[in-house]
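Visitor: Model the structure of this input:
(chains A and B)
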Amino acid sequence: MFIVQQLKETAVFALLQLYGIQAERDSLIVNITPDEYEGDYSLVTFPFVKQVKKAPDVIAHELGNLLQEKLTSISGFNVIKGFLNITFHDSLWIEFLKQENQNKLWGKLPSSGKKVVVEYCGPNTNKPLHLGHVRNMLLGYSLSNLLKKGGHDVSRVNIYNDRGIAICKSMVAWQRNAKGETPESSGLKGDHLVGKYYVEFDKILKRETEVLMNGGMSKDDAERNASVAAEAREMLLKWEAGDAETIALWKKMNNWVYVGFEETYRKIGVEFEKNYYESETYLPGKEIVLEGLAKGAFFKKEDGSVWVDLTEKGLDEKVLLRSDGTSVYLTQDLGTAQLRYDDFKMDTSVYVVANEQDYHFQTLKLTLQKLEKPFADGIYHLSYGMVDLPSGKMKSREGTVVDADDLLDEMFETAKKHTLELGKIEDFSEEEAASLFKKIGSGALKFFILKVDPKKRMLFNPEESIDFHGQTGPFIQYAYARISSILRKAAMIDFQPDEHYSPDRVERSLLILLQQYPDMIREACESYNPSQVANYTYHLAKSFNKFYADHSILSAETEAARDFRLALAAFTANVLFSALEILGIEAPERM
RNA sequence: GGCCCCGUAGUUCAAUGGAUAGAACACGAGUUUCCUAAACUUUAGAUACAGGUUCGAUUCCUGUCGGGGCUACCA
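Guide: Predicted coordinates for the structure are as follows:
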């Protein structure tokens, strides 16, 4: 039962009958009536003024009369300027509540038959995950849940940038200075250990550069001629040549990193169905380039390098294979895209990648279209804004990177502190308590990040800890815990909303919000935007808190009121749970 | 230089071209014999600037100013 849809359909009919206007159902503007006005939903009539040649309020009255005649569920309407405010009968709302309050699948859209693959995270293997990856992971994970809720068949995949000069730097520095240090011997997480040597490489390079510069060399020349830099380049060549010793070291260090990453994924609560590795996709990528060259989609320059010409599309010429025949970033992505299509035959590929790569993804899509690949048109780049610090962009060299593991641990600690201060869980076992701290701490972090429109840059201030009050994850979790507490106490009551109950303003707004849930899911899906889910969830929790403060539930004035409110609370809990689940936030029964 | 994105209260975020631009934090004032006060109520506070389109502009267009990104045979 989609009340708004039905209203719009009837309005389309009414417009045709009254004025002969052919309106598209989805072009009609129907909003939830603001609290200051009487009504449930408002239809905006300004857009018809021109065609009808009548005043907006006259149109509103005429429409209102006909709508009420056609739709018996409408109990009345009022008109303010061009706004037709419509009220539905109590019985419609009671019936709605009765039907859906126990429906855990409320909001789940029918199957679309579409296969979607969401690629996210995409880390380099030379250093640990940081705040940027956190935003990426939370977006990728919640978007996947959202698309599932929207009826799509979704798979999550990761792509490891496991080769190239960066990992070689860590390898060289480790060889030089680590004295065989391992995650076991050092007690460091594998990704942190490898990251430590990535930083170490920079230090060595700096020292060597200074020595050369003191000898009279320019900075650029000194950086190029430093022996440690030469070693890294040599290491890369050896890797590409398949040198056994190099490959063994590379595998060893990368494996340390993977073990470390897995731990972080578990901690933050994300998962992947399949991993791709650029070391395995760059060769298929090369083949695709050669195939394109043979088909005439690409061209070769005198020096032997291969290019794609995208100037017709307003872009540039982009290199696909260097003159020495080695591949570049784009080459690998062509290969990865092909492998992924072979694996999943998806209709849509979502790439969750920061907006600094907007240009790259335009290039990737256009290049695949030029090759007439069947999966080219289905590429969607979820381009999200970078996370900035008050000092600006995070820079690993300046040590301003916010580490993902540290951040999560801090969140858990803060949650612990707040929770213990409130003293509501003294009967919890140690495990139960620890699990709750994680739920609340990560809930706060996840909501903080996911409430922001993905497209926009966002600011994170490590000096000010993330809030647990107000517009936050714990606020929503708390609303859920309160409802759970009531429902535990009401376990013996078989509540069913009574037909004759008349919900007041506050109860009505909560019902209207609950009714809106599937529409919100559809819109959020269409715009690939989990922040809409986050903001909706906050409004729902807020709306419930208002209701909770204004009304007694268990000791309501009448049995009818009690049963209605219990059903309303249960329905709210179900939707909060479902929406939080999309965001990857756990809903605690107590907190 | 060229191309792309962004400028909303002190701060962090909202607002498919629609009603008096919403919240939260911080600041001020309140609410606990009663279902969990991580809550509720309440005061004050913002669309960078200048034009244009529109019945109506934070939203669309143009320009100015300010911030960020891309523009590698790096990934």
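
Visitor: Quick one: classify the closest residue to RNA strand B within the stretch 401-550 of chain A as helix, strand or coil.
Guide: Residue nearest to RNA strand B within the stretch 401-550 of chain A: residue A:470 (2.0 Å; Cβ to the nearest atom of the strand). No exception for glycine: its C-beta is placed from N, CA and C like everyone else's. Residue A:470 falls in the coil class when you classify it by DSSP: H, G, I helix; E, B strand; the rest coil.

Visitor: With residue A:166 instead?
Guide: Applying three-state DSSP: residue A:166 is helix.

Visitor: any idea how far residue A:246 is from it?
Guide: Between residue A:166 and residue A:246 the distance is 15 Å, computed by Cβ to Cβ, to the nearest Å.

Visitor: pLDDT-wise, which helix or strand of chain A ranks last?
Guide: helix A:219-225 (a mean of 83; mean pLDDT, DSSP states H and E).

Visitor: At the contact with RNA strand B, which residues of the stretch 251-400 of chain A appear?
Guide: A:278, A:301, A:303, A:305, A:316, A:319, A:322-324, A:327-329, A:332, A:355-360, A:385-386, A:392-393 (Cβ under 7 Å from any atom of the strand).

Visitor: Now do the strands in the stretch 251-400 of chain A.
Guide: A:274-277, A:299-300, A:306-309, A:317-321, A:348-354, A:379-384, A:387-388 (DSSP state E, counting those that start in this stretch).

Visitor: Looking at those strands, which one is packed in the most?
Guide: strand A:348-354 (a mean of 22; mean count of other Cβ atoms under 10 Å).

Visitor: Tell me which residues touch the spatially closest residue to residue A:298 that is not a sequence neighbour, please.
Guide: Closest residue in space to residue A:298, ignoring its immediate chain neighbours: residue A:292 at 4.6 Å, by Cβ to Cβ, 6 or more residues apart in numbering. Residue A:292 sits next to A:298, A:308, A:320, A:370, A:371 when contact means Cβ atoms under 8 Å, 6 or more residues apart in numbering.

Visitor: So what's the predicted local confidence for residue A:37?
Guide: For residue A:37, the model assigns a pLDDT of 89.

Visitor: Quick one: residues contacting it.
Guide: A:78, A:80, A:83, A:85.

Visitor: so which of these are also by RNA strand B?
Guide: A:80, A:83, A:85.

Visitor: Let me have these in a markdown table, extended by secondary structure, neighbour count and pLDDT.
Guide: Listed next are these as a markdown table, based on DSSP: H, G, I helix; E, B strand; the rest coil; neighbours: other Cβ atoms under 10 Å; pLDDT from 0 to 100:
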| residue | secondary structure | neighbour count | pLDDT |
| --- | --- | --- | --- |
| A:80 | strand | 14 | 92 |
| A:83 | strand | 22 | 94 |
| A:85 | strand | 21 | 95 |
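
Visitor: Reformat those as JSON lines; add distance to residue A:262.
Guide: Output for those, formatted as JSON lines (distance: Cβ to Cβ, whole Å):
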{"residue": "A:80", "distance to residue A:262": "58"}
{"residue": "A:83", "distance to residue A:262": "55"}
{"residue": "A:85", "distance to residue A:262": "55"}
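
Visitor: between these, which is closest to residue A:235?
Guide: residue A:83 (69.2 Å; Cβ to Cβ).

Visitor: Could you measure from the residue at minimal distance from the centre of chain A over to residue A:133?
Guide: Central residue of chain A (Cα atoms, centre = their mean): residue A:139, 2.1 Å from the mean position. From residue A:139 across to residue A:133, the span is 11 Å (Cβ to Cβ).

Visitor: I'd assumed residue A:165 was in contact with residue A:236.
Guide: Yes. Taking Cβ atoms under 8 Å as the definition, residue A:236 is a contact partner of residue A:165 at 5.5 Å.

Visitor: Which one's more surrounded, these two?
Guide: Neighbour totals were compared for residue A:236 and residue A:165, and residue A:236 leads with 21 against 13 (other Cβ atoms under 10 Å).

Visitor: Could you pull up the residues touching that one?
Guide: Counted by Cβ under 8 Å, 6+ apart, residue A:236 has contacts A:164, A:165, A:168.

Visitor: Next: residue A:447.
Guide: Contacts of residue A:447 (Cβ under 8 Å, 6+ apart): A:472, A:473, A:476, A:534, A:538, A:583, A:585.

Visitor: and with 6 Å instead?
Guide: A:472, A:473 (Cβ atoms under 6 Å, 6 or more residues apart in numbering).

Visitor: Now name the helix or strand holding it.
Guide: helix A:430-450 (DSSP states H and E).

Visitor: How far off centre is that helix?
Guide: 18 Å (Cα atoms, centre = their mean, to the nearest Å).

Visitor: if I pick the residue nearest to the centre of chain A, what's in contact with it?
Guide: Taking Cβ under 6 Å, 6+ apart, one finds A:352, A:384, A:454 in contact with residue A:139.

Visitor: Kindly present the strands of the stretch 251-400 of chain A as a markdown table, with separate columns for mean pLDDT.
Guide: Formatted as a markdown table, the strands of the stretch 251-400 of chain A follow (pLDDT from 0 to 100):
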| stretch | mean pLDDT |
| --- | --- |
| strand A:274-277 | 97 |
| strand A:299-300 | 93 |
| strand A:306-309 | 94 |
| strand A:317-321 | 93 |
| strand A:348-354 | 96 |
| strand A:379-384 | 95 |
| strand A:387-388 | 92 |
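
Visitor: of all those, which lies closest to residue A:118?
Guide: Going by Cβ to Cβ, the one of the strands of the stretch 251-400 of chain A nearest residue A:118 is strand A:348-354, 4.5 Å.

Visitor: Can you show me the CA trace of that closest one as CSV?
Guide: C-alpha atoms of strand A:348-354 as CSV (Å, rounded to 0.1, in the frame of the first residue of the first chain):
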residue,chain,number,x,y,z
THR,A,348,26.1,-2.5,-13.4
SER,A,349,29.6,-2.0,-12.0
VAL,A,350,29.8,0.5,-9.2
TYR,A,351,33.3,1.8,-8.5
VAL,A,352,33.6,3.5,-5.1
VAL,A,353,36.6,5.7,-5.6
ALA,A,354,37.4,9.3,-4.5
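
Visitor: Please report the distance of the residue of the stretch 401-550 of chain A closest to RNA strand B from residue A:569.
Guide: On the measure of Cβ to Cβ, residue A:470 and residue A:569 end up 22 Å apart.

Visitor: any weak-confidence spans in chain A?
Guide: A:1, A:397 (pLDDT under 70).

Visitor: Find the helix or strand that the residue nearest to residue A:440 when sequence neighbours are not counted is a member of.
Guide: With Cβ to Cβ, 6+ apart as the criterion, residue A:440 has its nearest non-adjacent residue at 4.0 Å, and that residue is residue A:415. Using DSSP H and E, residue A:415 falls within helix A:404-422.
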